[in-house]
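Enquirer: take a look and give me a structure for this.
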Amino acid sequence: MRRCLVLAIRLVSVPTALLVLFVGVQLLLSGCTTLPTQEQCDLKPLSDGVIVRDGWWYSSEGKLRRKYTFYDDPQGQEVPHGIVYEFAEDGSLCRAITFCHGFAEGPALAYFRSGVIEQSGFYRGDLREGEWCFYYESGKLQARGSYIQDVPNGHWVYWHESGSKAKEGQMKCGKPFGVWRFWDEASGTLTIAAFAE
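Expert: Numbering: from 1, shown residues only. Now for the predicted structure:
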């Protein structure tokens, strides 16, 4: 993680680098313990002469809606490269997603308007990849599971807002597969169901 943050600091302004650090700390505190791999984490070096700049996009009412770092491609189009922050109309942070040469690549966070983390995970090539965590607005964990190329795959666990387990099982190609266990929140009754391919 340290190398990722140092590289980001060299490529972007100090305020943006501090926000990179903030997102990294938020991911660690959010309950998802999976760190990005070196391949997911590194911003690929830019060629000589390419300048990374900060950008801001405001609504017609003059409210900040997006803060990002970018460079211009040969056609003069802005290419996101760094963390893109998106804000709601009330000014609250909605999302912080890491981009590399125009693609979502690395840590990502989404927030409820209250400022509580709604989901956290990682992107690779604009697709969700690896472990993602989803939260209730109370901040309690709602679900944890894995994605492969933006499709739920592998072990998934869901919790009731009370903290008791709600259901657990395997996902295959985005659908429940094999044995799933379901717990009734009120009675604690366990129901088992089997799903075929």
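Enquirer: where does the protein have low pLDDT?
Expert: Low-confidence segments of the chain, defined by pLDDT under 70, span residues 1-49.
Enquirer: let me see the ranges of the helices in it.
Expert: In the chain, helices defined by DSSP state H lie at 2-11, 14-29, 38-41, listed in chain order.
Enquirer: so G55 touches Y71, yeah?
Expert: No. Under the contact definition of C-beta atoms under 8 Å, G55 does not touch Y71, with a separation of 10.1 Å. (Each C-beta comes from the backbone N, C-alpha and C, glycine too.)
Enquirer: quick check: neighbours shared by the two?
Expert: Common neighbours of G55 and Y71, counting by C-beta atoms under 8 Å, 6 or more residues apart in numbering, are E78.
Enquirer: more neighbours, those two?
Expert: The residue with more neighbours, out of G55 and Y71 and counting by other C-beta atoms under 10 Å, is Y71; that gives 19 against 13.
Enquirer: OK, contacts around that one?
Expert: The neighbours of Y71, taking C-beta under 8 Å, 6+ apart as the test, are 46, 50-53, 78-79, 81.
Enquirer: got TSV for those, with neighbour count and distance to H101 too?
Expert: Output for those, formatted as TSV (neighbours: other C-beta atoms under 10 Å; distance: C-beta to C-beta, whole Å):
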residue	neighbour count	distance to H101
L46	14	9
V50	12	10
I51	8	15
V52	18	11
R53	14	15
E78	15	12
V79	18	6
H81	25	6
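Enquirer: would you confirm that L127 contacts Q149?
Expert: Yes. Under the criterion of C-beta under 8 Å, L127 is in contact with Q149, at a separation of 5.0 Å.
Enquirer: these two: which has the busier surroundings?
Expert: L127 (15 against 11).
Enquirer: what's opposite that one in the beta bridge?
Expert: Per DSSP bridges, residues listed as beta-bridge partners of L127: R124.
Enquirer: now F87
Expert: According to DSSP bridges, the partner residues bridging F87 are L93.
Enquirer: who's in contact with it?
Expert: When contacts are taken as C-beta under 8 Å, 6+ apart, F87 is in contact with 63-67, 93-94.
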